[in-house]
Each structure stands twice: as structure tokens, then as C-alpha cells.
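Peer 1: Have a look; sequence and predicted model below, questions after that.
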Amino acid sequence: MHENTTAAVAFSDVDETLIRLKSMFSFLEFHLARRGEPAGTFERLTAEIRRGADSGVPRHEINRRYYRFFTDESAAGLAASGRAWYARETARGLYVPEVRRALAAHRAAGDTLVLVSGSFFACLDPIAEETGADRAFGTRPVIRRGHLTGEVLVPMIGAAKGRAARVTLALRGADPDASTAYGDHISDLDLLRAVGRPVVVGSDPHLGAHAERAGWRRLPLDPTASRPEELETV
């Protein structure tokens, strides 16, 4: 990735905005199979998260619970598994073409490109490299002696996305009013509010209602290009 100082920044959420699926859960299922776990392990591990999501547990807490699955895992091993996962998913059609084209246009115009996601390095690093992102902000697992502890610093969820965007704009001396952000879920609201040109991707009813009231741009997606349903948690 390269450094670039510009007057505008284009921010993008990742899961179900730039890519078609929930990277964290797609990766977890792939990684468990890759390390030889028996069938049903993914469903067993994620059953509690599903119950928590259904009962209204906040998304940032769901995010923390997810990373506990990787306690004592090697960071290097997860990175390697992430690249193998990325290769499989790109072969299946990982990216949302409408958003991929929009971000490419921002880069062509000289905007700084920044990804903001609740996902982590195993998934985000290859996506950032492929899209030419200048920076990717994700949830940062705590790593000691090369292994994850199961804890995280700050989940990159909700208000944290907005803070990351505002800090980036300030450090780069970029104009918020000339900057753009793309998001698909109501949890992206703080990110979208941080810029003057928010773009709502897809058809989330809660975010869509807000966009309608605020007069924000909408980017509808081709429904025939959808991927299988994923866990609706982060």
C-alpha cells in the first residue's frame, strides 16, 4: 500500500459493502476446516453468538466474543489462512462490482482510499492490497509473542468507525465535505456522518430510512448477484 496526501478521502465499510459476505464468519468456517476440525465445529462455536445477536447483545460485544475463538492462534498462521480464504472467495466472486467500480474511480481521481471494518488483518490485508487501499482500519486483536490472546483493543464497530474517519481526515488535512463514505448497515451511521458525501449501499431498511430523511445518495445493488445469507451480527 502507498502513502498519499489528498484533499479528499474515500472511506468504505467492507462486509456486504465492498464484498458480498461477512468476512469474519466466512473466514472462521474456512479456517476451522483448514486446520482439520470435525464437521459441525463452526455451527457449535457460533451458536452462542447467534443467540446473543437474536437477544439484542450489542454488536461491539458480539465482535469481542468472535475473537475469543482465536485464543492462542498464531498470527502468522491466521494471515496465511486468510490469504488462502481470499483466493477461494475471489474465485467465487467476492467483490460487489458497483462499489468496487466506485472506489476505483475515487483512486483515479486521486482520493485517499481507506477501508473501515469490524473484521481483522487475516481478511482485510489481502482485500486492502487488491483494492489499493492506503489504509485499512479493523478490529485489532491483542497479540503477544506472535499469538492472539483472544482479547481485542477496540472493536471497529459503530462509533469507532466514525472516530477513525475523523482522525484520518484531521491527520491528512483532508476536507470532510469533499470526502465520501460507503456503508450498508445502520451501524455504519457514524462513519457516514463523518463526511460530506455519504453513500448508502444496498437496501438496509433502517439506514435507508435515515438516508431518505437526510437526502443521502443511494447505491442500489444488483439482486441477481447476491451471495448466500450470512450471519447478521457484525
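Peer 2: Received the coordinates, thanks. Numbering: from 1, shown residues only.
Peer 1: Correct me if wrong: Met156 contacts Ser117.
Peer 2: Yes. Between Met156 and Ser117 there is a contact under Cβ atoms under 8 Å: 6.1 Å. Using the backbone N, CA and C atoms, a C-beta is placed for each residue, glycine as well.
Peer 1: residues bridging contact with the two, i.e. touching both?
Peer 2: Among the neighbours of Met156, those also in contact with Ser117 (Cβ atoms under 8 Å, 6 or more residues apart in numbering) are Phe137, Gly138, Thr139.
Peer 1: tell me which of those is nearest to Gly40?
Peer 2: Gly40 has its nearest neighbour among the shared contacts of Met156 and Ser117 in Thr139, at 26.3 Å by Cβ to Cβ.
Peer 1: That closest one reaches Ile62, doesn't it?
Peer 2: No. The pair Thr139 / Ile62 is not scored as a contact, 11.2 Å apart, by Cβ under 8 Å.
Peer 1: more crowded one of these two?
Peer 2: Comparing Thr139 with Ile62 by other Cβ atoms under 10 Å, the one with more neighbours is Thr139, at 24 against 21.
Peer 1: Look at Glu61 and say how many residues are nearby.
Peer 2: 14.
Peer 1: and if you look at the one 3 residues further on?
Peer 2: Residue crowding around Arg64 was assessed by other Cβ under 10 Å; the count is 17.
Peer 1: what does the one 10 residues further on give?
Peer 2: Here the count is done by other Cβ under 10 Å, and Ser74 has 15 residues near it.
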